[in-house]
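[1] 3D model of this:
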Amino acid sequence: MAMRRSIVIGVVVLFLVTSIAGCLKPDPNLQSPIGTYPKITVDFVDNVTKFYVEALTDVRYANMTIRAFHGNATYERNAENNTYNLHLTVKEKEFTLNVTVTDRTNDKVKIYAFEGDFTVRPEAEPNVLLQISIYNPNGAPKVYKVQGSDLPWSTIGDRID
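    Numbering: from 1, shown residues only. Next up, the predicted model:
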């Protein structure tokens with residue numbers, strides 16, 4: 001009987017603590033350390049390459065710039081109005097991409113920059129969705145390939161059909 005009473009009291013206390021914790025307001029200055037990092041999504045569809053830049057979480061950036069260079073041609077999109085995301089469409093298949101993002105959160109200025117060379121070859125290997133080559137000046141590049149059959153949703157789609 002005493003054991004049952006202590007379990008009931010424990011459950012009631014736990015219920016009260018979780019109820020009160022749910023009513024507390026979260027600290028607006030508390031953010032994930034990587035929450036302001038921008039992510040870059042590259043999509044190739046209908047013979048055009050599309051770039052999307054946005055934060056990992058719900059963050060507005062003070063300034064975002066995407067530039068793609070191909071020979072003498074420059075493609076550029078810029079936003080300076082505290083925006084969530086930015087996109088750029090390029091018809092070229094070989095180019096250098098430059099992304100610069102400025103975050104002014106909590107009176108701190110953070111600048112994120114990315115630059116890389118892209119070559120889009122959808123016909124090279126049909127099952128390869130993405131190939132990343134990391135070039136080393138002292139040796140051969142390291143090549144990483146993402147196969148379509150390696151992705152978890154490839155089997156889920158088969159089960160739905």
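[2] average pLDDT for stretch 107-115?
    In this model, stretch 107-115 has an average pLDDT of 86.
[3] domains for this structure, by residue range?
    Using automatic domain parsing, the domains assigned to the chain come out as 32-121, 124-161.
[4] now those domains as CSV including mean neighbour count?
    In this view, the C-beta of every residue, glycine as well, is placed from N, C-alpha and C. Formatted as CSV, these follow (neighbours: other C-beta atoms under 10 Å):
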stretch, mean neighbour count
domain 32-121, 14
domain 124-161, 10
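[5] mean pLDDT for those: which is lowest?
    Averaging pLDDT over each of the domains of the chain puts domain 124-161 lowest, since it has a mean of 66.
[6] how much space is there between Thr41 and Val53?
    Per C-beta to C-beta, to the nearest Å, Thr41 is found 8 Å from Val53.
[7] Sorry, wrong one. I was asking about Pro141.
    From Pro141 to Val53 the distance is 25 Å (C-beta to C-beta).
[8] What strand or helix carries Thr89?
    strand 85-90 (DSSP states H and E).
[9] list the helices and strands that strand packs on?
    strand 48-55, strand 63-70, strand 73-79 (3 or more C-beta pairs under 8 Å, 6 or more residues apart in numbering; DSSP states H and E).
[10] Of all those, which one is nearest Lys145?
    strand 48-55 (18.6 Å; C-beta to C-beta).
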